[in-house]
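> predicted coordinates and the sequence they were generated for:
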Amino acid sequence: MLGVYSWDELLCPGCVPTASVPQSDGEQPTFTACESCLTEDGFPSAESTCATCAMLAEVLCNAALYLERHGWIQGGYYDATTGVFTPPACIVGAIAMVCYGGPVDAPAQHFDDPGFFAFEQAVLHLDRYLLVENGSESYEFNDAKGRTADDVIRVLRDAATRPVHELIDALKAIEAKNERLAESGITTEQVIALLKSEGVIDGCPVCDGVASKLTDGRLWCATTGTDVDRHGDA
């Protein structure tokens with residue numbers, strides 16, 4: 001695949017991209033849309049994912065494999081002190097190694113490189129995954145205090161299995177919840193304080209989510225980010 005570099009070692013079974021389709025009763029299934037991003041361009045097809053989504057899984061899994069083989073660092077794309085062509089790398093540096101085939105300065109700026117599209121899409125997918133699962137993005141996650149190589153490798157492999165549409169839908173839900181929270185006039189700090197206070201009620205009477213009684217007597221549902229009285233509008 002143009003712009004995507006891999007190694008001679010097979011990927012672990014849990015990391016193999018889902019582009020291949022198993023045979024069933026001698027007939028090959030036909031897919032009407034990509035199972036990951038839901039695009040219908042190029043479908044129907046015998047492959048369950050489009051070329052871009054199959055590429056994402058391949059890049060992220062190979063980035064995890066790179067870190068296992070060559071090491072992981074924080075605070076920079078690569079460890080330039082090693083003097084080797086395959087230096088220890090951060091999470092983004094590992095993706096760049098897979099897409100560009102070697103260390104490059106400012107990987108996000110290599111617009112004319114054949115591997116740039118794969119790099120850009122892989123980092124975008126990883127950022128979406130991290131925003132949903134961790135509330136952070138690639139650079140922040142990599143350099144967080146207490147982070148380990150195992151954390152980074154696990155995240156790369158898990159992100160490779162997550163459908164694009166699932167992450168986009170999750171981000172839309174988070175954004176909608178934040179908007180409702182902003183409309184309620186309650187700050188994030190107040191939410192944290194409420195959930196730590198004695199006013200926490202185990203179950204919202206409408207959805208059984210976590211709820212808390214505000215000082216003005218209103219009941220606030222942490223699951224939807226709204227007053228219980230407005231629950232039906234969430």
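That came through fine. Numbers count the residues shown, from 1 in each chain.
> residues in contact with the residue nearest to Trp72 when sequence neighbours are not counted?
What sits nearest to Trp72 in space, not counting adjacent residues and going by CB to CB, 6 or more residues apart in numbering, is Ala149, at 4.0 Å. In short, each C-beta sits where N, CA and C put it, glycine included. Contacts for Ala149 (CB atoms under 8 Å, 6 or more residues apart in numbering) come out as 67, 71-72.
> likewise for Arg128?
164, 167-168, 171.
> pretty sure it sits in a helix.
Yes: the assignment for Arg128 by DSSP: H, G, I helix; E, B strand; the rest coil puts it in a helix.
> check the gap between it and Lys172 for me.
11 Å (CB to CB, to the nearest Å).
> remind me which residues of the protein are low pLDDT?
Residue ranges of the chain with pLDDT under 70: 1-28, 31-34, 36, 38-50, 181, 184-234.
> what about the nearest residue in space to Gly75 that is not next to it in sequence, how many residues close to it?
Of all residues not flanking Gly75 in the chain, Asp143 sits nearest, at 6.1 Å (CB to CB, 6+ apart). Asp143 has 15 neighbouring residues, counting by other CB atoms under 10 Å.
> would you agree Phe85 is in contact with Gly101?
No: here Phe85 does not reach Gly101: they are 9.7 Å apart, not a contact under CB atoms under 8 Å.
> more crowded one of these two?
Gly101 (15 against 10).
> need phi/psi at that one.
The phi/psi pair for Gly101 (degrees, to the nearest 10) reads phi 90, psi 0.
> one step back: just the ones of the contacts of Arg128 in helices?
Judged by DSSP state H, the subset of the contacts of Arg128 located in helices is 164, 167-168, 171.
> buried among those? Make that a ChimeraX selection.
Of these, the buried ones go into a single ChimeraX selection, burial set by 16 or more other CB atoms under 10 Å:
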select :164,167
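> now, the most widely separated pair of the ones in helices among the contacts of Arg128?
For these, with distances taken as CB to CB, the pair at the greatest spread is Val164 and Leu171 (10.9 Å).
> got the contact list for Gly102?
Phe85.
> helix, strand or coil for it?
coil.
> please apply the same query to Gly135.
coil.
> next one: it from Ala144, what distance?
Taking CB to CB, one finds Gly135 at 11 Å from Ala144.
> picking that back up, which ones among the contacts of Ala149 map onto helices?
Among the contacts of Ala149, the members falling in helices (DSSP H) are Leu67.
> can you put the contacts of Ala149 in TSV and add neighbour count?
Below are those laid out as TSV (neighbours: other CB atoms under 10 Å):
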residue	neighbour count
Leu67	23
Gly71	15
Trp72	22
